[in-house]
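>>> need a structure here:
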Amino acid sequence: FSYETLGSDLSSLHLLQLLVRVGNMRRVLEVGTYIGVSTLFLAEAVGPEGRVVTIEIGDEFAAIARKNFARNDMESRIELLQEDVFAAFPRLTKAGESFDMIFLDADKGRYGDLLHPLLALLRPGGLFVVDDIFLNGDTLNDPPTTDEGLGVRNLLDRVAALPDYARVILPYGNGQLLLLKPK
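From the prediction side, this is the model:
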C-alpha cells in the first residue's frame, strides 16, 4: 500500500511536519484520523513535549489508528477522541482548548459547517490546514457534482469572506488550503 491509499500523500505529510516544526507548534488538532498515518507524522513533529488531539468517529479506523500509535510508540503524544467532531466541540471548548495548528481531513461534505467552530479553537496566530480542497476538480465545477464538492466549495466561499486571514492554496496532493489566523 502507498501513503496515498492510507491517508495523505508523502509530500503533504512532510509539508505538515515542516509547518509544525517551523512554527514551533506543540498543540495540534486533527479532524479525521482515519488509520492514523498523518497523526503519526504530526506527533513526530510536535516532539516529546507536544500533543496531538485527533478525532475519528469510525470504530474500525479508530481501532487501527490506536494499534498504529502503539506500534510507533507515540501513544504519549496522541489523544484520540472517538466521536463526531460536532460532539467533541463542547468538551474542547469547555476545557479551554486552544491549538497552534488544526488539520482538517474529514467529512468533506461538512467542511463549510466546520470552519467557524474550528477557527474558534485556533489560537491567534495559529495555522489552519485544510486537505483535499480540489476534490479531484469537483470544487471547480459549477455547481460541484457531489455533496463532498459542495461542502468544500462552501468552505472556500466562507474563507473568501474572512477578514484579515492570510491564505494560500497549495497544489500538494489533492490541494491544501493554509489559513493564518490574525494575532
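
>>> give the closest residue to residue 100 in space, chain neighbours not counted.
Counting by CB to CB, 6 or more residues apart in numbering, residue 25 is the residue found nearest to residue 100 once chain neighbours are left out, at 3.7 Å. Bear in mind the C-beta positions are built from the backbone N, C-alpha and C, glycine included.

>>> how about the contacts made by the one you found?
Under the criterion of CB atoms under 8 Å, 6 or more residues apart in numbering, the contact partners of residue 25 comprise 19, 45, 46, 50, 100, 101, 127.

>>> now do the buried residues in the helix or strand hosting residue 87.
In this structure, residue 87 is located in helix 85-94 according to DSSP states H and E. Neighbour counts over helix 85-94 (16 or more other CB atoms under 10 Å) mark 85, 88, 89, 92 as buried.

>>> may I ask which two of the contacts of residue 25 are separated the most?
Considering CB to CB, no two members of these lie farther apart than 50 and 127, which are separated by 14.4 Å.

>>> which of the two has more neighbours?
Summary of the neighbour comparison: residue 50 and residue 127, criterion other CB atoms under 10 Å, with residue 127 having more neighbours (22 against 19).

>>> helix or strand: which one has the residue lying closest to the more buried one once chain neighbours are set aside?
For residue 127, ignoring the flanking residues on the chain, the nearest one in space by CB to CB, 6+ apart is residue 101 at 4.6 Å. Under the criterion of DSSP H and E, residue 101 resides in strand 99-104.

>>> sketch out the low-pLDDT regions of this protein for me.
1-8 (pLDDT under 70).

>>> what are the boundaries of the strands in it?
For the chain, strands defined by DSSP state E occupy the ranges 27-31, 51-55, 78-81, 99-104, 122-131, 166-170, 176-180.

>>> so for the fifth one, what gets flagged as buried?
If you call a residue buried by 16+ other CB under 10 Å, then strand 122-131 has these buried ones: 122, 123, 126, 127, 128, 129, 130, 131.

>>> pick out the residue closest to the middle of this structure.
residue 103 (1.9 Å; CA atoms, centre = their mean).

>>> which residues touch the residue of the chain positioned farthest from its centre?
Largest separation from the mean C-alpha position in the chain: residue 142, at 26.0 Å (CA atoms, centre = their mean). The contact partners of residue 142, by CB under 8 Å, 6+ apart, come to none.
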